[in-house]
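> Predicted model and sequence follow; I will ask about them next.
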Amino acid sequence: MAFYGYWVIASLIFAFIELFAPSMFFLHLAAGAFITAIVAYFGANLTVQIIVFIAISLLSLLFIRPIFMKKKEQKSELEKQYLDKTVEVIENIGVAGTSGVGKIKVYDEVWNAKSADNCEIKAGEFVKITKIDSLTMYVEKIGEEKCSE
């Protein structure tokens, strides 16, 4: 196998690692390895390939990563509108013998919800959103009804 094949394999490995360690670091190495594979395909020697890999990976890291991180911060800003909001439970949360996922209603939207403190919360009760993880909101009881577990 020519060197470009190794670079393609390295690119795929870095991309695979990024799937399981989403740090936005290995993605830049994958990009560097992929561009290096193209350069190697056209006959560049090993020294040039290593220089291209390092240069593309660093340039990608320095210039593209801030763009991705800015978008991630914007998402966090959007999530802030939900945190600490008081909402109504429309499907029991934390019921023993189930996955513990229930439903809440926020701004006329229905979201999956789990109890942040492992309490059982009945439909009709009001809760406060404490955390958002993907499409699941974590909630806890408010006021006098707070869980004592």
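That came through fine. Residues are numbered from 1 along each chain as shown.

> For Trp7, give me its contacts.
Applying Cβ atoms under 8 Å, 6 or more residues apart in numbering, we find Trp7 in contact with Ala33, Phe34, Thr36, Ala37, Ala40, Gln49, Phe53. Glycine gets a C-beta too; all of them are placed from N, C-alpha and C.

> 7 Å instead, please
Trp7 is in contact with Ala33, Thr36, Ala37, Ala40, counting by Cβ atoms under 7 Å, 6 or more residues apart in numbering.

> Three-state assignment for it, please.
Here Trp7 is recorded as helix under DSSP: H, G, I helix; E, B strand; the rest coil.

> if we can go back for a sec, quick one: which of the contacts of Trp7 is most hemmed in?
Greatest neighbour count in the contacts of Trp7, by other Cβ atoms under 10 Å, goes to Thr36: 28 neighbours.

> helices and strands of the chain: which one has the lowest mean pLDDT?
Lowest on mean pLDDT, DSSP states H and E among the helices and strands of the chain sits helix 65-80, with a mean of 68.

> Tell me which residues of whichever helix or strand comes after it come out buried.
The C-terminal neighbour of helix 65-80 among helices and strands, as given by DSSP states H and E, is strand 86-91. Within strand 86-91, the residues scored as buried using 16 or more other Cβ atoms under 10 Å are Val87, Val89, Glu91.

> This completes my enquiry, with thanks.
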